[in-house]
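Chemist: the sequence and its predicted three-dimensional model are supplied below.
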Amino acid sequence: MSFQANYNCMLASVYNVMTCNHQYRFEFESMVMQQQMFHVYYRDHFLLPESPEVTIDRFVAQAGARIVYPEVGDVYGAIRFADQRLQLGEIVPVNINLRYDILDPLPFDNDIMHYHLIVGRLDEDHYEMFDQFENERYQVRISHLQKAIDTPFNYRFGTGFTPFLCIEYELDTKSVQQRLQTASVDASTYTGIVQAYPLAHNLREGRAYAESFMQFADRKPDAMEKYKYSNFHDVISRSRMIFVEAMSRLGYPHAEHLHRLTELHLTFKNMLGIALVRRSPQDLQQITDKLEQMFLDEHHLLMEMGSYVENTILKERSCLP
């Protein structure tokens, strides 16, 4: 069985559960290509896209379902829960602390929304897992997995131990599938995303984010801060890449625009890394100027793309018999 890999493991988890466990058929892009996909938010000194929890809650609600995080008691109850689901032929998304990751462990705790898939039991002591970010299967000793999931984020609701992500359906199978088909991506999806681009909002959030970097004129960022600044902007960049790839498949002819949209965020991310190393007043101030220009350029490019889709592709399709 193959699984969807993605930069965002919560989105991938929902897609994999719905397609593998419940046999629904829909495009992964329909989860991501929502009008909020270009929104960014300044939170706790970092610039973030929309929370994946918000994105998936909205998507599954439109399909007639809801995300649930079952309380399983403790790490031993978690293994019993996982085994029960595996015996039903299901995969099981579980949130882990990346300090205990097998493929790419971190030197610090990072346990917020890092869902890997439990895909099978190999023997009495090992599970087979799938890392949805790395797109790679691996083996883990069950005692090690118990350590990886016994982490604060999995107690966040104050109702017990909730390391697993599951989906419950409020409609019958046929109705859910019909709603998923209705949510499929078409040309009007692109124009809706472009028209919803929040330039003033992104500029405001970006300025607050850039101003927060002045704290590093007096101190070096620690390892976790460096990781988060790089990782969070990488998530923003990858969301743009999904849009670019979808526009290319749609038939948008100006490859230089698509390349430029991708390069905007990669260039800023590289500049950000240099600024955090040098920490000069000039480099830190440059973050503000570069970030504002990045959003202005992004907005301009998206308006060009949206105009093409509206005036060419949608008009051509409206003329079809």
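Modeler: Structure received. Numbering: from 1, shown residues only.

Chemist: so how far is S13 from T262?
Modeler: 25 Å (CB to CB, to the nearest Å). C-betas here are computed from N, CA, C, even on glycine.

Chemist: more neighbours, those two?
Modeler: S13 (30 against 17; other CB atoms under 10 Å).

Chemist: domain assignment for the chain?
Modeler: 9-180, 186-318 (automatic domain parsing).

Chemist: just the helices in the stretch 51-200 of the chain please.
Modeler: 52-62, 75-87, 142-149, 173-182, 187-195, 199-212 (DSSP state H, counting those that start in this stretch).

Chemist: restricting to C-alpha, output the longest one in CSV.
Modeler: Put plainly, it is helix 199-212. Taking Å, rounded to 0.1, in the frame of the first residue of the first chain, the C-alpha atoms of helix 199-212 are listed here in CSV:
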residue,chain,number,x,y,z
LEU,A,199,-2.3,41.7,0.9
ALA,A,200,-2.9,44.2,3.7
HIS,A,201,-3.2,41.4,6.3
ASN,A,202,0.0,39.7,5.1
LEU,A,203,1.9,43.0,5.1
ARG,A,204,0.7,43.8,8.7
GLU,A,205,1.6,40.3,10.0
GLY,A,206,4.9,40.4,8.1
ARG,A,207,5.9,43.8,9.7
ALA,A,208,5.2,42.5,13.2
TYR,A,209,7.3,39.4,12.4
ALA,A,210,10.2,41.4,11.0
GLU,A,211,10.2,43.7,13.9
SER,A,212,10.6,40.8,16.3
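
Chemist: would you mark the buried spots in that helix?
Modeler: N202, E205, G206, Y209, A210, S212 (16 or more other CB atoms under 10 Å).

Chemist: now the fourth one
Modeler: Burial within helix 173-182, assessed by neighbour count using 16+ other CB under 10 Å, is assigned to V176, Q177, R179, L180.

Chemist: out of these, which two sit at the greatest distance?
Modeler: Q177 and R179 (7.4 Å; CB to CB).

Chemist: most tightly surrounded among the domains of the chain?
Modeler: Of all those, domain 9-180 carries the top mean neighbour count, a mean of 17, counting by mean count of other CB atoms under 10 Å.

Chemist: so what's the gap between it and the chain middle?
Modeler: 12 Å (CA atoms, centre = their mean, to the nearest Å).

Chemist: ok, now which ones touch the residue nearest the centre of the chain?
Modeler: The centroid of the chain falls nearest to N8 when counting by CA atoms, centre = their mean (2.9 Å). N8 sits next to P52, V235, R238, S239 when contact means CB atoms under 8 Å, 6 or more residues apart in numbering.

Chemist: any idea which helix or strand carries the last one?
Modeler: Think S239. helix 223-250 (DSSP states H and E).

Chemist: relative to helix 52-62, how tilted is that helix?
Modeler: Orientation check (axes from the mean of the first three to the mean of the last three CA atoms, to 10 degrees): helix 223-250 against helix 52-62 gives 40 degrees.
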